[in-house]
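Participant: Here's my sequence, what's the structure:
(one chain, ligands or ions: 1)
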Amino acid sequence: MHYISFKGSSKKHQVGKIMCVGRNYAEHAKELGNDVPTFPIIFMKPASNLIHSGEPVIYPPHSHELHHEVELVLFIGSRIKNASIEEAEQAISGYGVGLDMTLRDLQNEYRKEGNPWTLAKCFDTSAVVSDFVLKADASDILQTEISLLVNDVRRQKNILADMIFKPAEVASYISHRMALEPGDLVFTGTPKGVSAVHAGDTLLAAIGDICTLYTRIVNQE
Ligand code: ZN
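Facilitator: Numbering: from 1, shown residues only. The predicted structure is shown next:
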C-alpha cells in the first residue's frame, strides 16, 4: 500500500493518484524558458513512485540530469467533482512538503519532439513527501516560506503566496476534469532555483516550521 501519515499519528492514509502542477511560479516558468500559463498545467505520477522522508531517491541510470523541485503538497480529504473554489478549499485537509524529482534531460527531449513528459516525471522514488499536517494546524500557509537545502546550501526559497494558481484554484480546476478523491495528493508546482543533484547529495526541504523532509540521492545497485 502506498500511503502518507500525519505528524504525530501512526495511522496510514492510502494514497490514490498524485496530481502535479507545472509552472505555477512565474520566475520558475521563466528559468525553464516557458511562458507564464493562463491555466494550470497538469500532469500525474503513479502512487507507486512515492517515498517518504528518510528514504533515498534512486538516480535512474537512463538519465544524466536529475533535478529537484520542492513543492507544497495537498492532501485531499473528501471527494470533489466540478467543485467551486470554496468546495475545493473544504476538500483540502492537509499539507506536506514534497520533492517532484524530474529527469530534465528527458523532459527537454520530449518537449522538443512534442511527446508526453510521462517518463521524465515518473520513475520509482520520484515523488518524496514529508509527514503531513492538518490544514487546521497550518493557518495562513500561503504566507509561509518553502525552502530546499542541498548539502546544506540553499537552492530554493520562496514564499508560497507567489503561486500563480492557489491550492483551492488548482483543486477546483482538476475537479472539473476528473474527480479528486480522499487520499489523492496534489503537488502544487515549484518555485525558481531548480537544479541538478548527484549521487551522495543530501536534500532537506521545509515549509516554515510546519513540515520537513530529508532524503539523499543514491545510485541504483
Ligand atoms: Zn514540479
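Participant: ok, how many other residues are close to residue 12?
Facilitator: The local packing count at residue 12 equals 12, with neighbours defined by other Cβ atoms under 10 Å. Every C-beta, even on glycine, is put in place using the N, C-alpha and C of the backbone.
Participant: which non-adjacent residue is nearest it?
Facilitator: Of all residues not flanking residue 12 in the chain, residue 3 sits nearest, at 4.0 Å (Cβ to Cβ, 6 or more residues apart in numbering).
Participant: That neighbour against residue 11, yeah?
Facilitator: No. Here residue 3 lies out of contact with residue 11, judged by Cβ atoms under 8 Å, at a distance of 9.1 Å.
Participant: which one of these two has more residues nearby?
Facilitator: For the pair residue 3 and residue 11, the greater number of neighbours falls to residue 3 (14 against 7), based on other Cβ under 10 Å.
Participant: Tell me which residues touch the more buried one, please.
Facilitator: 12, 13, 14, 15 (Cβ atoms under 8 Å, 6 or more residues apart in numbering).
Participant: and if you look at residue 101?
Facilitator: With contacts defined as Cβ under 8 Å, 6+ apart, the neighbours of residue 101 are 57, 66, 67, 68, 69, 123, 125, 126, 127, 128.
Participant: Could you pull up the residues touching the third one?
Facilitator: By Cβ under 8 Å, 6+ apart, the contact list for residue 67 reads 101, 102, 103, 104, 194, 195, 196, 197.
Participant: For the residue nearest to the last one when sequence neighbours are not counted, list each beta-bridge partner.
Facilitator: Same thing as residue 197. Using Cβ to Cβ, 6+ apart and skipping residues adjacent in sequence, the residue nearest residue 197 is residue 217, 5.1 Å away. Listed beta-bridge partners, residue 217: residue 57 (assigned using DSSP bridges).
Participant: Surely residue 217 and residue 151 touch.
Facilitator: No. Assessed by Cβ under 8 Å, residue 217 is found out of contact with residue 151, at 10.3 Å.
Participant: out of these two, which sits in the more crowded spot?
Facilitator: For residue 217 versus residue 151, neighbours defined as other Cβ under 10 Å are more numerous around residue 217 (20 against 13).
Participant: For burial, what's the neighbour tally of residue 139?
Facilitator: Taking other Cβ under 10 Å as the criterion, the count of residues near residue 139 is 8.
Participant: Could you measure from it over to residue 178?
Facilitator: Residue 139 sits 29 Å away from residue 178, going by Cβ to Cβ, to the nearest Å.
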